[in-house]
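Chemist: what's the 3D shape of this:
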Amino acid sequence: MSTTTTRPPRGSDQPADGRSGPDETAKRSGALTARVTLGRVYSTVPLEFLLIVSSALLLTGFGVVMVISATMATALGHGLSPYSDGLRQGLFALLGVSSMFVVSRLPITFFRRIGWIALGVAVAVQLLVFTPLGIERGGNRNWIEVAGFSLQPSELIKLALALWVAMILYRKRNLLTKWQHVYIPLVPVALLAIGTVLAGKDLGTSMVLVLIVLACLFFSGVKLRIFAIPVILGVVGVAVLAITSPNRMKRIFSFMDENCDYLDDCYQPLHGIWGLAGGGIFGRGLGNSIEKYNWLPAAADDYIFSIVGEELGLIGCIVVLLLFATFAVGAFRIVRNSEDPFVRIAAGGITVWILGQALINIGVVLRVFPVLGVPLPFMSSGGSSLVAVLTGCGVLLAFCRTLPDPATVRAQNAVAKARPRRSTETKPAGRPARLKK
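Modeler: Numbers count the residues shown, from 1 in each chain. Model prediction:
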């Protein structure tokens, strides 16, 4: 009996036994790899990521434009280019945005391990303000100057303190019911970091640091009685620092007195509220501010919101507030949706830092609070604050990558609802049947 062997056609890589050859397997593997890679590239971006990125970029760009407008007159008065301060702010904005996207690609384990190092470096740099490198502005010694560039180290402490407190509370997450584990080493180290800023007589920044610590404690889920003690101590400490400083008491009394001296204590607050009110609904027009002509001190710094109101009116102020509200929605969604305690605590601290500082600054301009010297995040002139805030946004963006996929969560919830519930109730036993005789 003769047998015939059927060979594959010439040029075909298919083996005689019908199995895939190495080239075919490689092709299929390459197609699968390309499909997985494209799936990652075109995967759905979390809503939190879009809200934070869009609001941060829009506020930063808006801030650069307003800094240019607020500093043109003073720059020309000093014989400089009208865009000199604005270009410098733009360079810091590019540096901050680059830092934001680089930090957003770092893993969460990096932030959990960097706490001690980041806080130690930030405090060490803050101590340089008490060396010949330190300079004093407005009665506060909170800057250092190197090679013609000034740096405010306390802005670095804000982000470092948020990450460090989150790391400590995360490691002690199972021991937070005991006050000694909550307060040690958190309270002594935090007081040391805040004390270095207070030594430079910067009460406004110290209040923001206290808010960061309290926010981390709140989002860690500690008991109310443990959380209330630091709150009371913080309020008492701020009151003592205000009472013991004649300059601070003068600011507080001028804030509360409607008939204070215009040429002394109320000059800056009054010009700030006048500029804000002078814009009306639609404003005087971009670049047409009157207060920026050396009438309003720190027009491009702490009182940039006043220039926004004067030039762009109520509509411009509402746009700024809506952008901060958009940022708040995205940031608090991370706190709510995250399943990682470290992410929840750190994101809460960073969010309260940025939004709390914005509320304090706007409240000062509106004369709701006394003058505290706190810049408006994203918008005030100053490279240290801008880079620190954008780097903090980068940490929030890194946290967005750890959030569960909404589609997966919805599918799991649907499966859980569709699964029949087992009845845990037991029916009462009936009477036993009688035996027939």
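Chemist: low-confidence regions, the stretch 1-150 of the chain specifically.
Modeler: Applying pLDDT under 70 to the stretch 1-150 of the chain flags residues 1-43.
Chemist: so how many other residues sit close to the nearest residue to residue 96 once chain neighbours are set aside?
Modeler: Nearest residue to residue 96, sequence neighbours excluded (Cβ to Cβ, 6 or more residues apart in numbering): residue 390, at 3.4 Å. (Each C-beta comes from the backbone N, C-alpha and C, glycine too.) Neighbour count of residue 390, defined by other Cβ atoms under 10 Å: 25.
Chemist: and residue 390, what does it touch?
Modeler: By Cβ atoms under 8 Å, 6 or more residues apart in numbering, residue 390 lies in contact with 56, 60, 93, 96, 97, 99, 100, 378.
Chemist: correct me if wrong: the first one contacts residue 328.
Modeler: Meaning residue 56. No: contact criterion Cβ atoms under 8 Å: residue 56 and residue 328 do not qualify, at 12.0 Å.
Chemist: comparing the two, which residue is more hemmed in?
Modeler: Higher neighbour count among residue 56 and residue 328: residue 56, with 27 against 17, using other Cβ under 10 Å.
Chemist: and the helix or strand containing that one, how far out from the chain middle?
Modeler: Per DSSP states H and E, residue 56 falls inside helix 47-77. Centroid separation for helix 47-77 versus its chain: 16 Å, with Cα atoms, centre = their mean, to the nearest Å.
Chemist: after it, next one along is what?
Modeler: helix 84-103.
Chemist: quick one: name whatever helix or strand follows the lengthiest strand in the chain.
Modeler: What stands out as the longest strand in the chain, according to DSSP state E, is strand 140-146. Using DSSP H and E, the helix or strand that directly follows strand 140-146 along the chain is strand 149-151.
Chemist: check which helices and strands that next one sits against.
Modeler: Counting contacts by 3 or more Cβ pairs under 8 Å, 6 or more residues apart in numbering; DSSP states H and E, strand 149-151 packs against strand 140-146, helix 383-400.
Chemist: helices or strands next to whichever helix or strand comes after that strand in the packing?
Modeler: Tracing the chain C-terminally past strand 149-151 and defining elements by DSSP H and E, one meets helix 154-171 next. Packing partners of helix 154-171 (3+ Cβ pairs under 8 Å, 6+ apart): helix 108-113, helix 115-126, helix 186-198, helix 203-220, helix 341-365, helix 383-400.
Chemist: got the angle for helix 154-171 vs helix 115-126?
Modeler: 160 degrees (axes from the mean of the first three to the mean of the last three Cα atoms, to 10 degrees).
Chemist: please name the residues that touch residue 259.
Modeler: Per Cβ under 8 Å, 6+ apart, neighbours of residue 259: none.
Chemist: now it, what's its secondary structure?
Modeler: Three-state assignment for residue 259 (DSSP: H, G, I helix; E, B strand; the rest coil): coil.
Chemist: so how far is residue 270 from it?
Modeler: When distance is defined by Cβ to Cβ, to the nearest Å, residue 259 is 12 Å away from residue 270.
Chemist: what's the longest helix along the chain packed up against?
Modeler: Scanning the chain for the longest helix, with DSSP state H as the assignment, gives helix 304-337. In terms of contacts (3+ Cβ pairs under 8 Å, 6+ apart), helix 304-337 is packed against helix 47-77, helix 267-278, helix 341-365, helix 383-400.
Chemist: out of those, nearest to residue 156?
Modeler: Smallest distance to residue 156 across the helices and strands packed on helix 304-337 (Cβ to Cβ): 6.1 Å, for helix 383-400.
Chemist: now residue 100: closest residue in space, sequence neighbours ignored.
Modeler: residue 394 (3.8 Å).
Chemist: in this structure the one you found contacts residue 103, no?
Modeler: Yes: applying Cβ under 8 Å, one finds residue 394 in contact with residue 103, separated by 3.1 Å.
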